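1. Predicted model follows, preceded by the sequence.
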Amino acid sequence: MSPVQRIIPPALQGVYDNWHFAPAVVADGLIFCSGIIGTSPNGDTPDADGLAGAKATTQEASNDLTALMAVRDPEAQFATAFKALSAILRAADAELSDVVELTTYHVDMSRHMDTFMRVKDHYIQAPYPAWTAIGVAELIVPGGLLEIRAVAQVPSGGIGRLSRLESGASV
Amino acid sequence: MSPVQRIIPPALQGVYDNWHFAPAVVADGLIFCSGIIGTSPNGDTPDADGLAGAKATTQEASNDLTALMAVRDPEAQFATAFKALSAILRAADAELSDVVELTTYHVDMSRHMDTFMRVKDHYIQAPYPAWTAIGVAELIVPGGLLEIRAVAQVPSGGIGRLSRLESGASV
Amino acid sequence: MSPVQRIIPPALQGVYDNWHFAPAVVADGLIFCSGIIGTSPNGDTPDADGLAGAKATTQEASNDLTALMAVRDPEAQFATAFKALSAILRAADAELSDVVELTTYHVDMSRHMDTFMRVKDHYIQAPYPAWTAIGVAELIVPGGLLEIRAVAQVPSGGIGRLSRLESGASV
């Protein structure tokens, strides 16, 4: 049994420290990613890797999760969520093509599904993962329309230098 | 680390090609199944293996997921979802008894739970899997009352001839 | 491939026998826990390990899942759910610190999130798991505000004497 590893990209250290969950955890050959909503520092469409909203919000340690701002434009919000997922996987030396199971939670699902499918097709390419889509009542971030949860397989070669090893191993 | 495999029963090739997700993916000894709703070509109760609705709908490549028709009768809809799950697992040389975790998403949960429990008992027999049941706002298929997501363990002996190997291996 | 194991604490034998799901299942190095709602025999705040509600309710074999009573006080209900999760993991010789992925389903999420975060911080301590939180329409137990689903890694040393081995092995 390999030790469990937490994956914390530097931009999300505040998520781990203030809100007490890991962006992703590696256990038993699989990477379990936390639910991701497309946020930005002010709700505008970000040009960065999708982590800027969480990074900015967690700089104020007293901010809770509802201080995050969802990207206002739905298509941009969905793209931001996939970019954030990609950035988190990259911190585990993995990428979107390593995703084996995708679970997507949607507010106002039927209204936004066409847009979502277009964005999904941009980021998730063949060979495709398993997928479950669910219409939900509410997400934790105000204005959030989509939360993505993913499980990826650890790429052959393993988790690399960007990740943090648990149990005191030096990084 | 074994290579990831996509499980695509022939009847669901159009799901993979048109809607860009795999009915199931095998990774690291586990079979991750996509969310399944009980559908049929016209909403009538099907007599087949639960895949006929998706097969018929994907023959028209321009159809999106909302062109699927949920089976109108709730009990038959639930049975169809379990039959479809069974057929997908069979394509991985697995069966319902290999399921280790079942997640069921319900529209109008309290109204249909008695019926659901009866159908679940017919298809899921001892030894039982873990189970999480959630009442949701909406499912992707109009009229859908239940979506089943399952994780199964790869049966000893492994995934067989009906599955598709990734990375160019011949089947 | 190790055989699949069902984890059934003695207090939850009735859950397995009457409602036909396992409190947790061990497969492939991971412990998949069923969704847990904080219940008690009469809705009062329990002082036990969180399993008393299910134990009492299943003593009457004809009771269905909706006969469970959620703990009325939200904070106590959340604490009871974590205590129950802890008790189930203990039956697998694991503990809350072995959880790698937490999925929490919330009714009236925004109203109760502050309380939930406080309770989560009490039970889930560093190093933290991955986490997905979703606002849902309804849970199976009347008055249920939170359902917790967890995946844990089998601790090194493996699953111990309290668990039940499948396939006829003596315990």
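-> Done, it's in.

2. Could you work out the end-to-end span of stretch A:54-70 for me?
-> Using C-alpha to C-alpha, to the nearest Å, one end of stretch A:54-70 lies 10 Å from the other.

3. got it, and stretch A:136-149?
-> Stretch A:136-149 stretches 14 Å from its first residue to its last (C-alpha to C-alpha).

4. helix, strand or coil for the residue nearest to A:E95 when sequence neighbours are not counted?
-> Residue nearest to A:E95 in three dimensions, not counting chain neighbours: A:L89, with 5.6 Å by C-beta to C-beta, 6 or more residues apart in numbering or on different chains. For every residue, glycine as well, the C-beta is placed using N, CA and C. Classification of A:L89 by DSSP: H, G, I helix; E, B strand; the rest coil places it in helix.

5. A:L89: what's it in contact with?
-> A:24, A:31, A:33, A:95-96, A:98-99, A:150, A:152 (C-beta atoms under 8 Å, 6 or more residues apart in numbering or on different chains).

6. ok, now A:A22?
-> Here A:A22 is in contact with A:6-8, A:16, A:34, C:127-131 (C-beta under 8 Å, 6+ apart).

7. Using TSV, please lay out these together with neighbour count, secondary structure and pLDDT.
-> Putting the contacts of A:A22 into TSV (neighbours: other C-beta atoms under 10 Å in any protein chain shown; DSSP: H, G, I helix; E, B strand; the rest coil; pLDDT from 0 to 100) gives the following:
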residue	neighbour count	secondary structure	pLDDT
A:R6	22	strand	98
A:I7	27	strand	98
A:I8	23	coil	98
A:Y16	20	helix	98
A:S34	28	strand	98
C:P127	18	coil	97
C:Y128	25	coil	98
C:P129	26	coil	98
C:A130	28	strand	98
C:W131	23	strand	98
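
8. Rebuild the residues you listed as JSON lines, extending it with distance to chain B.
-> As requested, the contacts of A:A22 are exported to JSON lines (distance: C-beta to the nearest C-beta, whole Å):
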{"residue": "A:R6", "distance to chain B": "19"}
{"residue": "A:I7", "distance to chain B": "17"}
{"residue": "A:I8", "distance to chain B": "22"}
{"residue": "A:Y16", "distance to chain B": "25"}
{"residue": "A:S34", "distance to chain B": "17"}
{"residue": "C:P127", "distance to chain B": "21"}
{"residue": "C:Y128", "distance to chain B": "21"}
{"residue": "C:P129", "distance to chain B": "16"}
{"residue": "C:A130", "distance to chain B": "16"}
{"residue": "C:W131", "distance to chain B": "15"}
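
9. for those, which one is nearest A:L85?
-> Using C-beta to C-beta, A:S34 comes nearest to A:L85 of these, at 9.7 Å.

10. From C:D108, how far off is whatever residue of chain A ends up closest to chain C?
-> Distance from chain C to each residue of chain A (C-beta to the nearest C-beta) is smallest for A:E138, at 2.8 Å. A:E138 sits 8 Å away from C:D108, going by C-beta to C-beta, to the nearest Å.

11. Name the residues contacting each of these two.
-> Residues within reach of A:E138 and of C:D108 at once, by C-beta under 8 Å, 6+ apart, are C:G135.

12. The two: who's more crowded?
-> When neighbours are counted by other C-beta atoms under 10 Å in any protein chain shown, A:E138 and C:D108 differ, and A:E138 comes out ahead with 21 against 14.

13. can you tell me how far the more buried one sits from C:M109?
-> Taking C-beta to C-beta, one finds A:E138 at 5 Å from C:M109.

14. any residues in contact with both of those two?
-> The overlap between the contact sets of A:E138 and C:M109 (C-beta under 8 Å, 6+ apart) consists of C:G135.

15. Do you have the helices of chain A handy? List them.
-> Secondary structure of chain A by DSSP state H: the helices cover A:13-14, A:52-58, A:74-90, A:109-123.

16. Can you lay out those helices as a markdown table showing distance to A:D44 and mean pLDDT?
-> Output for the helices of chain A, formatted as a markdown table (distance: least, C-beta to C-beta, whole Å; pLDDT from 0 to 100):
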| stretch | distance to A:D44 | mean pLDDT |
| --- | --- | --- |
| helix A:13-14 | 20 | 98 |
| helix A:52-58 | 10 | 97 |
| helix A:74-90 | 9 | 98 |
| helix A:109-123 | 17 | 98 |
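
17. from what I can see A:Q125 touches A:S97, true?
-> Yes - the criterion here is C-beta atoms under 8 Å, and A:Q125 meets it with A:S97 at 7.0 Å.

18. which of those two has more neighbours?
-> More crowded of A:Q125 and A:S97, by other C-beta under 10 Å: A:S97, with 16 against 11.

19. who are the neighbours in contact with A:T132?
-> A:T132 is in contact with A:101-104, B:34-35, B:103, B:105, B:147, B:149, counting by C-beta under 8 Å, 6+ apart.

20. What does the pLDDT read for A:L146?
-> A:L146 is assigned a predicted lDDT (pLDDT) of 98.

21. Next: A:S163.
-> 47.

22. now do A:S156
-> For A:S156, the model assigns a pLDDT of 82.

23. Repeat that for A:C33.
-> 98.

24. That one pairs with what?
-> A:A24, A:A150 (DSSP bridges).

25. didn't it look like it was pressed against A:P129?
-> No - between A:C33 and A:P129 there is no contact under C-beta under 8 Å: 12.0 Å.

26. Now do the shared contacts for these two.
-> A:A150.

27. and chain A, which residues reach chain C?
-> Within reach of chain C by C-beta under 8 Å from any C-beta of the partner chain, chain A has these residues: A:1, A:4, A:6, A:16, A:19-25, A:27-30, A:32-35, A:64-66, A:103, A:105, A:134, A:136-140, A:147, A:149, A:166.

28. And the nearest residue in space to A:I7 that is not next to it in sequence, what's its pLDDT?
-> Spatial nearest neighbour of A:I7, excluding adjacent residues (C-beta to C-beta, 6+ apart): A:A24 at 3.8 Å. We have a pLDDT of 98 for A:A24.
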